[in-house]
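Engineer: Task: produce atomic coordinates for the following.
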Amino acid sequence: MVQTPLRAVVFSNIVYCMASIDDIGKRKRGRPATDATPVLVRLMPTQIAHLDAWIADQPEPKPSRPEAIREALTEHLKTKGYPK
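Structural biologist: A predicted model of the protein is given here:
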């Protein structure tokens with residue numbers, strides 16, 4: 001019977017374990033991808049106050065600021081006849 005040194009046995013087990021980690025795959029970090037295009041908009045303090053007041057008047061669950069802005073923009077565009 002040929003004995004394998006303990007170092008070789010431990011090393012071979014590590015190689016097998018490491019190979020299984022590669023099978024899992026890397027997870028992407030950050031927000032998930034969407035079809036949306038980010039737009040940076042700077043608002044005056046009075047506009048933020050009015051937006052926050054509108055949000056406070058909404059029923060639960062209250063919309064976030066971005067959701068409120070998207071909704072206001074959609075309603076405004078509808079009154080102007082968009083999309084045409």
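Engineer: Only the buried residues of the helix or strand that contains residue 72, if you could.
Structural biologist: Using DSSP states H and E, residue 72 sits within helix 65-79. For helix 65-79, burial by neighbour count (16 or more other C-beta atoms under 10 Å) applies to 68, 69. Quick note: C-beta positions are derived from backbone N, CA and C, even for glycine.
Engineer: Closest to the centroid, which residue in this protein?
Structural biologist: residue 31 (2.3 Å; C-alpha atoms, centre = their mean).
Engineer: if I look at that one, how far off is residue 76?
Structural biologist: Separation of residue 31 from residue 76 (C-beta to C-beta, to the nearest Å) stands at 26 Å.
Engineer: so what's the nearest residue to residue 62 once chain neighbours are set aside up against?
Structural biologist: Ranked by C-beta to C-beta, 6 or more residues apart in numbering and with sequence neighbours excluded, the top spatial neighbour of residue 62 is residue 55, at 5.5 Å. By C-beta atoms under 8 Å, 6 or more residues apart in numbering, residue 55 lies in contact with 62, 63, 64, 65, 68.
Engineer: Provide a list of residue ranges in the protein with pLDDT below threshold.
Structural biologist: 1-25 (pLDDT under 70).
Engineer: Please, where are all the strands along the protein?
Structural biologist: Along the chain, no stretch is classed among the strands by DSSP state E.
Engineer: for it, what spans make up the helices?
Structural biologist: Assigned by DSSP state H, the chain shows helices spanning 6-24, 45-57, 65-79.
Engineer: Am I right that residue 41 is in contact with residue 69?
Structural biologist: Yes. Using C-beta atoms under 8 Å, residue 41 is in contact with residue 69, at 7.2 Å.
Engineer: contact partners of stretch 61-79?
Structural biologist: With contacts defined as C-beta under 8 Å, 6+ apart, stretch 61-79 is touched by 41, 51, 52, 54, 55, 56, 58, 83.
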